[in-house]
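J.: Here is a sequence with its predicted model. Questions after.
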Amino acid sequence: MDLQSFVTIQKEWDIVAARQLGRDIARKIGFGTVDQARIATAISELARNIYLYTDTGKICFEVIDNIDHKGMSIISVDSGPGIKDISQVMEDGYSTSGGLGAGLPGVKRLVDEFDIRSEDDKGTEIRAIKWVR
Amino acid sequence: MDALKLDAVNYKELLRNYINTQDEQSLYGAEQISKTFIKNSIPPEEIVNFHIQALTELYDEIPEHIRHSMDFLLETMISYGLAHQEYQTLREQQSELKSEISVAAGMQDTLLATTKPVIDDLDVGVISVPAHQMNGDYHHFIKGKDGSLGIAVADVIGKGIPAALCMSMIKYSMDSFPEATMSPKSILKNLNRVVERNVDPSMFITMFYAQYLPAESKLRYSSAGHEPGFYYDAQSNTFEEIETKGLVLGVSADTNYKQYERIINKGDMVILLTDGVTECRQGDRFIESEEVLDVIKQYIHLTAQELVNGVYKHFERLQNFQLRDDFTLIVLRKEV
Amino acid sequence: MNLKVDVAEENEKSIVSLIGEIDAYTAPQLKESLLPLTRIDSQLIEVDLEDVNYMDSTGLGVFISALKSTKENNSHLKLVNLQERVLRLFKITGLDEIIDITTAIRGGNQNGQI
């Protein structure tokens, strides 16, 4: 892991900045157009959750370059209220953003690996990995 | 991966054909391939990508602005793709639920099974049809050693699974009562205590319990707030509502039930039902109980079973074959 | 199928006016408005059903749970101005004998008082 960068999410505009940075990294690693678009959408969802439900948080990116595969991690870290019932949040049809948002199940579908850790009143860390095909 | 590449190749060939010929056959091909895409779970953004790839391979130069516009289109498809995947997952879950419910409904059928009694001088007709998969209506026949016949008809508030679960409780407690010589009023009193202790405050059950004593041609009955049935007097060829008083089961722990009795003569009928019969709606209009009687009169010359079947078919048609509530109708006719 | 629920407060009395139909779809809405009122000690809750033209057993269930709640909380539930069809339901189920029902003259005093 040689490259690490992040965008702090406070205003709605920061969502766009996170998408932009994520897409640039994805393009450099060699992701195709479709996967770039998927990565950008996943970033949007994660960043919007931070923007809507927590005071501070950031979206970090890590480039993964192993011998056999290349990819990137998108890590969303916040110090918000935490997610009480993760299984419920991961259920289809239960979307915390209330509207048409793809929600966390959507993010999970957009990437190859997905993990959530959350502690009450301490915050949530979501790690999503996408591999170059 | 390979399937994806194959789809891309097929798409390109079809597109090339169409651009050259603009014929209906290529369009038919497009219809076919879009079905293949759905079958292979190809999301819409991938299809747009096939299109971009095909254009780039077919034409050396694509104008810059067209290329960008395609990228833009691809971006707008991502959320559609997600929504489609979610829809598929929900569909799978729904079919799982459906099969679970049908297993449960099968169990309920076994559990609540009751056989239509054969009694020398009594012609019995029964029909009970749930509005959904599981029935919230309940009826049961119990033959006593003394030759008497117990008939229970019950309706639980609401319908579907919660109602069905509640009915299983009633069935278990009825089975645990001693021999069927118990009188209607004591059966209701005992059941009321069970229901009051075991259900949610907003839940209740109505029941009509009758006991027929062939030796005396007598019917004894009590009602716990149940939709009143009808009595048909053959001699005067008239119907009357069976009047009863009694609180629904599950509301007040110490409820006593009044017991009534009457002698049944040859040709007379006792008609028991649930409010699924009287609460039939035709559009916004309600069916009045006189109308139920009118329909019964139409079939009165038939056997008891043919009669209840005929009445059910009538109301099923009236509601456009979509029952709003569980429907139960029992007819007892004294033959000798 | 719609139900409009209006609540007017008067000292220790809440007047709940209902307009529409009470069925499986609207019953939860009624329950939500009615139950909290029954939890107020020595409150009189008067439900005006003049404009309710249809009620099914789910509606009865709401009034039963409201009645049970009044007994636990020392409040009182009273139903007024019931239409014929709705009153029939309370009579069949025997609930008219345990719930305070005043069948006031239609078009008379809105509060159902004589």
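T.: Everything's here; your move.

J.: any idea how far the nearest residue to B:Ala234 once chain neighbours are set aside is from chain A?
T.: Excluding its sequence neighbours, the residue lying closest to B:Ala234 (C-beta to C-beta, 6 or more residues apart in numbering or on different chains) is B:Gly267, at 3.0 Å. No exception for glycine: its C-beta is placed from N, CA and C like everyone else's. With the distance defined as C-beta to the nearest C-beta, to the nearest Å, B:Gly267 ends up 58 Å from chain A.

J.: Report the separation between B:Gly267 and chain C.
T.: The gap separating B:Gly267 from chain C is 28 Å, by C-beta to the nearest C-beta.

J.: cool, and A:Leu104?
T.: In terms of C-beta to the nearest C-beta, A:Leu104 sits 29 Å off from chain C.

J.: Counting by contacts, list what the helix or strand encompassing that residue packs against.
T.: Using DSSP states H and E, A:Leu104 maps to helix A:103-110. Contacts defined by 3 or more C-beta pairs under 8 Å, 6 or more residues apart in numbering or on different chains; DSSP states H and E place helix A:103-110 against helix A:33-53, strand A:113-119, strand A:123-131, helix B:64-112.

J.: Pull the distance from that helix to the chain's centre.
T.: 9 Å (C-alpha atoms, centre = their mean, to the nearest Å).

J.: can you check stretch C:85-98 too?
T.: On C-alpha atoms, centre = their mean, the centre of stretch C:85-98 falls 12 Å from the chain's centre.

J.: so how far does that stretch reach from one end to the other?
T.: 19 Å (C-alpha to C-alpha, to the nearest Å).

J.: ditto for stretch B:37-53
T.: Terminal-residue distance, stretch B:37-53 (C-alpha to C-alpha): 16 Å.

J.: List the buried residues in it.
T.: B:37, B:42-53 (16 or more other C-beta atoms under 10 Å in any protein chain shown).

J.: now what about it, what contacts it?
T.: A:32-34, A:37-38, B:3-4, B:7-8, B:11-12, B:15, B:67, B:70-71, B:73-75, B:77-78, B:80-81, B:84-85, B:88 (C-beta atoms under 8 Å, 6 or more residues apart in numbering or on different chains).

J.: And for B:Leu323, nearest residue in space, chain neighbours not counted?
T.: B:Leu323 sits nearest to B:Ala131 (C-beta to C-beta, 6+ apart), 4.2 Å away.

J.: So the one you found: helix, strand or coil?
T.: Secondary structure, DSSP: H, G, I helix; E, B strand; the rest coil: B:Ala131 is coil.

J.: immediately after the helix or strand hosting C:Leu89, which helix or strand?
T.: Using DSSP H and E, C:Leu89 falls within helix C:84-92. Scanning forward in sequence from helix C:84-92 by DSSP H and E, the next helix or strand is strand C:100-102.

J.: Kindly state the pLDDT recorded for residue 7?
T.: If you meant another chain, say so; for now it's chain A. The per-residue pLDDT reported for A:Val7 equals 95.

J.: switch to chain C, that's the one I care about
T.: Per-residue pLDDT puts C:Val7 at 92.

J.: So it sits against C:Ile15, correct?
T.: Yes. Contact criterion C-beta atoms under 8 Å: C:Val7 and C:Ile15 qualify, at 7.2 Å.

J.: counting contacts, what elements does the worst-scoring helix or strand of chain A on mean pLDDT pack onto?
T.: Ranked by mean pLDDT, DSSP states H and E, the weakest helix or strand in chain A is helix A:86-89, scoring a mean of 83. On a contact count with 3+ C-beta pairs under 8 Å, 6+ apart, helix A:86-89 meets no helix or strand.

J.: what's the distance between it and the middle of its chain?
T.: That offset, for helix A:86-89, works out to 17 Å (C-alpha atoms, centre = their mean).

J.: just stretch B:329-336 next, same as before
T.: For stretch B:329-336, the distance to the chain centre is 26 Å (C-alpha atoms, centre = their mean).

J.: quick one: average pLDDT of that stretch?
T.: The average pLDDT for stretch B:329-336 rounds to 92.

J.: For that stretch, buried residues please.
T.: With burial defined by 16+ other C-beta under 10 Å, the residues of stretch B:329-336 counted as buried are B:Leu329, B:Ile330, B:Val331, B:Leu332, B:Arg333, B:Lys334.

J.: was I right about the fourth one contacting B:Gln211?
T.: No. Between B:Leu332 and B:Gln211 there is no contact, the gap being 11.7 Å when judged by C-beta under 8 Å.

J.: Quickly list what's touching both of the two.
T.: Counting by C-beta under 8 Å, 6+ apart, the common neighbours of B:Leu332 and B:Gln211 are B:Ile151.

J.: Helix, strand or coil: sort out the residue nearest to B:Ala234 for me.
T.: For B:Gly267, the secondary-structure state derived from three-state DSSP is coil.

J.: what residues are up against it?
T.: The contact partners of B:Gly267, taken as C-beta under 8 Å, 6+ apart, are B:Ala234, B:Gln235, B:Arg333, B:Lys334, B:Glu335.

J.: Not including adjacent chain positions, what is the nearest residue to the fourth one?
T.: Excluding its sequence neighbours, the residue lying closest to B:Lys334 (C-beta to C-beta, 6+ apart) is B:Ile264, at 4.9 Å.

J.: so how far is chain C from that neighbour?
T.: Distance, B:Ile264 to chain C, using C-beta to the nearest C-beta: 23 Å.

J.: Now do the same contact list for that residue.
T.: Applying C-beta under 8 Å, 6+ apart, we find B:Ile264 in contact with B:Tyr212, B:Ser217, B:Lys218, B:Leu219, B:Val270, B:Lys334.

J.: Quickly note the distance from the closest residue in space to the first one that isn't next to it in sequence to chain A.
T.: Same thing as B:Tyr212. The shortest distance from B:Tyr212 to any non-neighbouring residue, by C-beta to C-beta, 6+ apart, is to B:Leu149 (4.5 Å). According to C-beta to the nearest C-beta, B:Leu149 stands 50 Å off from chain A.
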